[in-house]
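# Quick check, what structure comes out for this input:
(3 chains)
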Amino acid sequence: MTRTVNTIIGEIPESDLEFATLEKDSGDTLIMSREWKYKGADPALVEHVGQMVRRDCWVTMKTGISLAGSAEL
Amino acid sequence: MASNTATVLQSFRKELLNASHAFGVPSTGSLRTAVRDVFAIALFRNSSGIGPANTSYTQVSASEVTSSGYTAGGNSCATTDPATSTNTGYWTPASVAAWTNVTMTGSNATDLALLYNSTCTAKLGVATFALGVIDTGQAPSAGTFTLTMPTNDGSTGLIRIT
Amino acid sequence: MTQALCTSFKVEMLQAQHNFAASGGHTFKIALFKAAKVLNAGTQTYNATDEVAASGTYSAGGLILTNVDPSADGTTGMVTFSGNPQWTGVTFTDCTQALIYNHSQGDTAVAVLDFGGNQAVTAGTFIINLPSATATTALLRFI
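Numbering: from 1, shown residues only, chains lettered A, B, ... in the order given. Have a look, this model is predicted:
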């Protein structure tokens, strides 16, 4: 069975797509994104060749927030 | 519109002192029922001017992202109990469900998550967290947006009192 | 002796177990202790070991504090109590520290206060002048 991927141009066979992942460390967060581009040969979708048709994002929070509590006279 | 700010909300610091937020189950003898509050995380558009003076989800909901696959109010946090490590009290939700098949691009891109108390009527806010670089944010397109919590310990827990 | 917010209090705050509200809040007390008492961030509950002896208006367990609604000053949440705790006609030869605790919640500890040395009193008045309720000086602060 052909695996398909949901995209902005519909459900596309995974074999008609290529993806690239990007990673970025933003200090307190680690960002990863995956962009899928259409590379297929469907004549109905020729205008979309090379277009980014889906992006997934992962945000990993490395740390939370700190409240400093204190008590003094 | 102004940039968003990742911060503890000023109001939360005071609300902690009148037992407004039960991240864990209050013990017997508490003035509250022995039921923890439910917390949720909602996502907001870049440049919504959300910052430390904001007090609740309700107050800023007009700036929330919109997308199929995303329900207003965001997703609830899986429960976990507060704990201590040396002199630090801390809490991190076990997880928050990913949003699937969402499109948050262009003016609907998101650079800020708000943690808030979804049990209380006022939807009191706790803190905001940057989703990468403020004003750039994240722009999932027909894709999955996954938010992973930090390690739940005294150094990195999502909410820590030191 | 260590002046400190008790660690157990920090996690109990995250469980909504301490309510400092003026109306409907918990009852907090302040008790006085001798130098031999080990009070620090690890203190979890009040007990009478090494508490100053009863005299004058001081009795075991100390004094009930008058709540004031928690407030915010800038980015600081803070709590103070109304008035200054005081005892009259007391005699203390050894009194160096105090513990604030939640009497409504099983006497769970809130904070340890260090007087910076022995405060001896003879048949006199002992007053703790609480700090002003500001972001930098309030008795209990979250910053």
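# Where does the prediction get shaky in chain B?
Low-confidence segments of chain B, defined by pLDDT under 70: B:28-30.
# residues from it in reach of chain A?
For chain B, the residues in contact with chain A (CB under 8 Å from any CB of the partner chain) are B:6-8, B:13, B:16, B:90, B:92, B:101, B:103, B:105, B:127, B:129-133, B:138-150, B:155-162. All C-beta spots, glycine's among them, are computed from the backbone N, C-alpha and C.
# Any of the residues you listed buried? List them.
B:6-8, B:13, B:16, B:90, B:92, B:101, B:103, B:105, B:127, B:129-132, B:138-147, B:149-150, B:156-162 (16 or more other CB atoms under 10 Å in any protein chain shown).
# restrict these to those near chain C?
With CB under 8 Å from any CB as the criterion, those include B:V8, B:R13, B:L16, B:Y90, B:I159, B:I161, B:T162 near chain C.
# before we move on, the earlier item: can you tell me which of the residues of chain B next to chain A are in strands?
Among the residues of chain B next to chain A, DSSP state E puts B:7-8, B:90, B:101, B:127, B:129-130, B:143-148, B:159-161 in strands.
# quick one: which of those is nearest to chain C?
Chain C lies nearest to B:I161 out of these, by CB to the nearest CB, at 4.0 Å.
# Span of stretch B:37-49 from start to end?
Stretch B:37-49 has an end-to-end distance of 27 Å (CA to CA, to the nearest Å).
# What residues sit buried inside that stretch?
Quick answer for stretch B:37-49 (16+ other CB under 10 Å): B:D37, B:F39, B:A40, B:I41, B:A42, B:L43, B:F44, B:R45, B:N46, B:S47, B:S48.
# what residues are up against the third one?
Residues near B:A40 by CB atoms under 8 Å, 6 or more residues apart in numbering or on different chains: B:Y57, B:G73, B:G74, B:N75, B:S76, B:C77, B:V96, B:L115, B:Y116, B:S118.
# Can you name the residues of chain C that neighbour chain B?
C:4, C:7-21, C:24-26, C:41, C:69-72, C:74-79, C:104-106, C:140, C:142-143.
# Spatially nearest residue to B:N75 (excluding sequence neighbours)?
Nearest in space to B:N75, with sequence neighbours left out and distances taken as CB to CB, 6 or more residues apart in numbering or on different chains, is B:A97 at 4.6 Å.
# Over to B:F129?
With CB to CB, 6+ apart as the criterion, B:F129 has its nearest non-adjacent residue at 4.8 Å, and that residue is B:A113.
# Then C:M13?
B:L16 is the one closest to C:M13 (CB to CB, 6+ apart), at 5.1 Å.
# from what I can see the one you found touches C:F142, true?
Yes: B:L16 is within contact range of C:F142, at 6.1 Å (criterion: CB atoms under 8 Å).
# what touches both of those two?
Joint contacts of B:L16 and C:F142 (CB under 8 Å, 6+ apart) are A:L67, C:G77.
# residue farthest from the centroid of chain C?
Of all residues in chain C, C:G74 has its C-alpha farthest from the mean position, at 24.4 Å, by CA atoms, centre = their mean.
# what's the helix or strand for the residue nearest to that residue when sequence neighbours are not counted?
Residue nearest to C:G74 in three dimensions, not counting chain neighbours: C:A135, with 5.2 Å by CB to CB, 6+ apart. In the assignment (DSSP states H and E), C:A135 maps to no helix and no strand.
# if I read this right, C:A135 contacts C:G77, doesn't it?
No: look at C:A135 against C:G77 with CB under 8 Å: they stay out of range, at 9.2 Å.
# Looking at chain C, which residue is nearest chain A?
C:A111 (3.5 Å).
# For the residue lying closest to that residue once chain neighbours are set aside, list each beta-bridge partner.
Ranked by CB to CB, 6+ apart and with sequence neighbours excluded, the top spatial neighbour of C:A111 is A:A71, at 3.5 Å. Note on A:A71: beta-bridge partners by DSSP bridges are C:L140.
# C:L39 is in contact with A:A71, correct?
No: counting by CB under 8 Å, A:A71 does not reach C:L39; the two are 11.6 Å apart.
# picking that back up, give me the subset of the residues of chain C next to chain B that lies in helices.
Judged by DSSP state H, the residues of chain C next to chain B include C:T7, C:S8, C:F9, C:K10, C:V11, C:E12, C:M13 as members of helices.
# residue contacts, C:A35?
C:M1, C:D94, C:T96, C:Q97, C:N118.
# Reformat those as a markdown table; add secondary structure and pLDDT.
Compiled in a markdown table, the contacts of C:A35 are given as follows (DSSP: H, G, I helix; E, B strand; the rest coil; pLDDT from 0 to 100):
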| residue | secondary structure | pLDDT |
| --- | --- | --- |
| C:M1 | coil | 41 |
| C:D94 | coil | 93 |
| C:T96 | coil | 91 |
| C:Q97 | strand | 91 |
| C:N118 | coil | 85 |
